[in-house]
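**Q** 3D, please:
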Amino acid sequence: MEETQSATKYTWEDMPKEQLSDQLSRRLITGNDMMLAHVYLKKGCVVPLHHHINEQITYILEGALRFHIGAEDGEEIIVRAGEVLHIPSNVPHTAEALEDTLDVDIFSPPRQDWLDKSDDYLRQK
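**A** Just a heads-up that it's a prediction; the model follows:
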């Protein structure tokens, strides 16, 4: 007989909200092989140039983000509410909130730097 894992139901409001800076906060839900995050960015918030081994899908629920893909002066892509951006593994990117924004980020595998809080590039004031 196969062993099955039970399902887990979450409510975003019940998840702890981690304040990374005065303009950036997040809530995380992590499974074995993927991570789901609500990321809250105030207008003008800049996520500095970075890359990670994790494949990323960003879905904008409210607001808009301007991404630069490949480098800070790389391809510019604006993603608005209802739109989705896929960022492959190890592709450098930046993001800037054009307005107050709520985005859903999906990462596979989970972001270890977010779990162990070694994501210093996000915590700069």
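**Q** look up phi and psi at Trp114.
**A** Dihedral pair for Trp114: phi -80, psi -40, per degrees, to the nearest 10.
**Q** can you tell me the helix or strand for the residue nearest to it when sequence neighbours are not counted?
**A** Nearest non-adjacent residue to Trp114, counting by CB to CB, 6 or more residues apart in numbering: Leu28, 6.6 Å away. All C-beta spots, glycine's among them, are computed from the backbone N, C-alpha and C. Secondary-structure assignment from DSSP states H and E places Leu28 in strand 24-30.
**Q** can you give me the strands for this protein?
**A** Taking DSSP state E as the criterion, the chain carries its strands at 18-19, 24-30, 35-41, 46-50, 55-62, 64-69, 75-80, 84-87, 93-97, 101-108.
**Q** confidence score at the residue nearest to the spatial centre of the chain?
**A** Of all residues in the chain, the one closest to the mean position by CA atoms, centre = their mean is Asp105, 4.0 Å from it. You'll see Asp105 listed with a pLDDT of 98.
**Q** you'd agree it is up against Leu41?
**A** No - using CB atoms under 8 Å, Asp105 makes no contact with Leu41, being 11.0 Å away.
**Q** need the residues touching each of the two.
**A** Common neighbours of Asp105 and Leu41 are not found (criterion: CB atoms under 8 Å, 6 or more residues apart in numbering).
**Q** can you report how many residues lie near the nearest residue to Leu36 once chain neighbours are set aside?
**A** The shortest distance from Leu36 to any non-neighbouring residue, by CB to CB, 6+ apart, is to Ile29 (4.6 Å). Using other CB atoms under 10 Å as the criterion, Ile29 is surrounded by 14 other residues.
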